[in-house]
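*Asks:* Let's see this in three dimensions:
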Amino acid sequence: VKFTAVGLKLTGIKSVILKNKEEIELEIEKVVKDKEIGILIVTEKIYNLANEKLDYIKNNNKSIIVVDDTKKALGNLAKYKRSLFYSPVVAVTGSAGKTSTKDMIYSVLKEKYKTHKTIGNQNNHIGLPLSILSLENDNEMLVLEMGMNHLGEISYLTNIAKPDIAVITNVGTAHIGILGSRENILKAKLEIIEGLNGPLIINNDNDIIRNNIKYIESLNDIVTIGIDNDSDYKASDISDDLTRFKINGNDMECDIGNTAFIYNSLVAYSVGSLCDIDVDNIRNGIKNFKLTGNRLEFKKARCRAILIDDTYNASLDSIRSSLEILKNKEAKRRIVVIGDVLEVGDYNEEIHTKIGEELFKSNLDIIVTIGDNTRYTDKFLENKGFDNRYHFNNESESYEFFDDMLRDGDVVLFKASNGMKLKNIVNHLVMEDR
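*Replies:* Next comes the predicted model:
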């Protein structure tokens with residue numbers, strides 16, 4: 001059993017998982033020494049285990065609140081703080097592109113307003129409350145990311161955040177092994193409407209969203225974005241390298257040449273317009289936005305190969321998107337390192353075979369697969385006669401191979417679910433001293 005202790009700071013929250021009496025007592029000593037922490041929120045079980053330390057806490061001007069469930073207490077605190085924040089809140093969910101879309105919305109909004117956003121990908125029942133509780137008094141906008149892998153989770157988050165604008169980037173196959181179908185994934189994403197007090201921005205080119213658009217429109221006012229279909233905000237005149245385009249006739253530029261980032265730009269443009277930001281500031285925000293770490297980070301290996309670190313997470317849709325970026329990069333050799341996509345359940349063979357299809361048609365020089373599930377990917381490539389491929393059971397087996405194989409002029413994409421630890425390979429290859 002894990003217990004959670006939460007210390008309420010002056011400007012935010014500190015959350016710690018504690019497993020036994022020794023850890024609890026050590027954490028209490030840290031809390032007492034931290035001048036910023038005034039309140040300790042604990043379960044009754046932790047309160048009883050820490051009984052010997054209570055005088056120590058009280059003598060150091062700290063308060064203790066005992067609750068049944070610290071995670072619910074965290075959510076309730078965030079819900080209360082949200083009720084005191086009278087400026088607009090934007091919430092973003094979707095199967096892929098949540099974090100990059102959030103980052104671009106933030107970049108546009110901060111051109112005019114002091115804006116706060118979810119740090120990293122703290123998008124669950126702990127991370128979202130922490131993001132709200134870290135709001136500062138002079139913040140004028142808040143951009144939140146909402147993640148889920150079960151029905152009901154977005155419902156919980158949206159009823160804490162009470163967004164004024166919500167975004168569903170797309171509905172794909174992420175977590176399909178848990179939710180069972182794309183229809184259930186759509187149902188889960190639409191839970192965001194339950195706490196929404198304003199428009200829902202949706203991708204009019206996403207097949208399952210478009211097929212259900214009348215139903216979605218019956219639930220909430222919608223704003224549509226698109227490239228292929230007529231939409232409220234539509235991209236056109238897209239350059240060959242995908243970095244320049246128009247949105248509703250206005251010139252835009254995004255240095256990441258990728259269709260997914262045109263969709264991100266459309267969302268950011270629409271949010272900016274809804275929040276009274278002029279076109280010039282929207283353009284600046286889109287052009288100058290910065291991505292959260294481990295997402296399409298370009299790094300140089302010791303051998304001078306260029307590594308594209310996209311190791312935080314993966315789905316079939318996000319792999320397609322990342323491959324598009326790789327195909328547009330100049331390189332002597334284009335190399336892909338793909339690890340397992342997790343949480344796909346009974347769709348495991350189908351999805352990893354489809355990944356093989358995407359890799360096969362991407363004109364790659366070398367393909368490396370890592371993990372159990374990517375054996376289906378490797379088998380598909382073998383059947384197609386693609387010989388320049390390699391497979392490893394896990395990331396730790398591959399270090400020597402990459403040390404010997406990579407060279408100056410290579411561009412290498414690393415993509416997998418976070419649990420596959422491909423980040424370790426990237427770190428190994430860029431490390432100066434070993």
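
*Asks:* Identify the residues contacting the most centrally placed residue in the chain.
*Replies:* For the chain, the residue nearest the mean C-alpha position is Thr99 (3.7 Å; Cα atoms, centre = their mean). Shown in contact with Thr99 (Cβ atoms under 8 Å, 6 or more residues apart in numbering): Gly120, Asn121, Asn123, Glu145, Leu291, Thr292, Arg295, Tyr312. Quick note: C-beta positions are derived from backbone N, CA and C, even for glycine.

*Asks:* What is the neighbour count of the closest residue to Lys354 other than its chain neighbours?
*Replies:* Leaving aside its chain neighbours, Lys354 sits nearest to Leu316 (5.7 Å; criterion: Cβ to Cβ, 6 or more residues apart in numbering). By other Cβ atoms under 10 Å, 23 other residues sit near Leu316.

*Asks:* List the residues that contact Gly172.
*Replies:* Gly172 neighbours (Cβ under 8 Å, 6+ apart): Ser95, Ala96, Arg182, Ile185, Ser315, Leu316, Asp317.

*Asks:* just to confirm, which helix or strand has it in it?
*Replies:* Here Gly172, judged by DSSP states H and E, is contained in no helix and no strand.

*Asks:* any idea how far Glu140 is from it?
*Replies:* Going from Gly172 to Glu140 by Cβ to Cβ, to the nearest Å gives 33 Å.

*Asks:* now Val89
*Replies:* Applying Cβ to Cβ to Val89 and Glu140 gives a distance of 11 Å.

*Asks:* can you check Ser181 too?
*Replies:* Distance of Ser181 to Glu140, computed by Cβ to Cβ: 40 Å.

*Asks:* More neighbours: those two, which one.
*Replies:* Just comparing Ser181 and Glu140: by other Cβ under 10 Å the higher neighbour count belongs to Glu140, 16 against 12.

*Asks:* Could you look up the SS state of the residue lying closest to the more buried one once chain neighbours are set aside?
*Replies:* Leaving aside its chain neighbours, Glu140 sits nearest to Tyr113 (4.0 Å; criterion: Cβ to Cβ, 6+ apart). Of the three states, Tyr113 takes coil under DSSP: H, G, I helix; E, B strand; the rest coil.

*Asks:* Please tell me how far stretch 320-330 is from the chain's geometric centre.
*Replies:* Put simply, stretch 320-330 sits 19 Å off its chain's centre (Cα atoms, centre = their mean, to the nearest Å).

*Asks:* Was I right to think the residue nearest to Glu140 contacts Leu142?
*Replies:* No. Between Tyr113 and Leu142 there is no contact under Cβ atoms under 8 Å: 9.9 Å.

*Asks:* shared neighbours, these two?
*Replies:* Common neighbours of Tyr113 and Leu142 (criterion: Cβ under 8 Å, 6+ apart): Ser87.

*Asks:* Those two - which one has more neighbours?
*Replies:* Higher neighbour count among Tyr113 and Leu142: Leu142, with 26 against 17, using other Cβ under 10 Å.

*Asks:* give me phi/psi at the residue nearest to that one when sequence neighbours are not counted?
*Replies:* Of all residues not flanking Leu142 in the chain, Val89 sits nearest, at 4.7 Å (Cβ to Cβ, 6+ apart). With angles defined as degrees, to the nearest 10, Val89 sits at phi -120, psi 130.

*Asks:* Which pLDDT value belongs to Val89?
*Replies:* You'll see Val89 listed with a pLDDT of 97.

*Asks:* Touching, it and Val167? I think so.
*Replies:* No. Applying Cβ under 8 Å, one finds Val89 not in contact with Val167, separated by 11.8 Å.

*Asks:* who's more crowded, these two?
*Replies:* Comparing Val89 with Val167 by other Cβ under 10 Å, the one with more neighbours is Val167, at 31 against 23.

*Asks:* so how far is the host helix or strand of that one off the chain centroid?
*Replies:* Under the criterion of DSSP H and E, Val167 resides in strand 165-168. Strand 165-168 sits 15 Å away from the centroid of its parent chain (Cα atoms, centre = their mean).

*Asks:* How about stretch 321-332?
*Replies:* Centre to centre, stretch against its chain (Cα atoms, centre = their mean), the figure for stretch 321-332 is 21 Å.

*Asks:* Next: stretch 106-113.
*Replies:* For stretch 106-113, the distance to the chain centre is 19 Å (Cα atoms, centre = their mean).

*Asks:* Show me the contact partners of it.
*Replies:* Applying Cβ under 8 Å, 6+ apart, the contact partners of stretch 106-113 are 87, 90, 115, 117, 140-141, 143, 268-269, 271-272, 275-277, 281-282, 284-286, 288-290.

*Asks:* Give me the distance between the two termini of stretch 204-222.
*Replies:* Start-to-end span of stretch 204-222 (Cα to Cα, to the nearest Å) is 10 Å.

*Asks:* just stretch 147-161 next, same as before
*Replies:* From start residue to end residue, stretch 147-161 stretches across 13 Å - Cα to Cα.

*Asks:* Which pLDDT value goes with Val67?
*Replies:* pLDDT at Val67 comes out at 87.

*Asks:* For the residue lying closest to it once chain neighbours are set aside, pull up the helix or strand it's in.
*Replies:* The spatially closest residue to Val67, leaving aside those adjacent along the chain, is Ala73, at 4.3 Å (Cβ to Cβ, 6+ apart). Using DSSP H and E, the element containing Ala73 is helix 70-83.

*Asks:* Mean confidence (pLDDT) on that helix, please.
*Replies:* For helix 70-83, mean pLDDT rounds to 91.

*Asks:* Just list what the helix or strand that that helix is followed by packs against, helices and strands only.
*Replies:* Note on helix 70-83: by DSSP H and E, the next helix or strand toward the C-terminus is strand 89-93. When contacts are defined as 3 or more Cβ pairs under 8 Å, 6 or more residues apart in numbering; DSSP states H and E, strand 89-93 sits against helix 98-109, strand 141-145, helix 153-161, strand 165-168.
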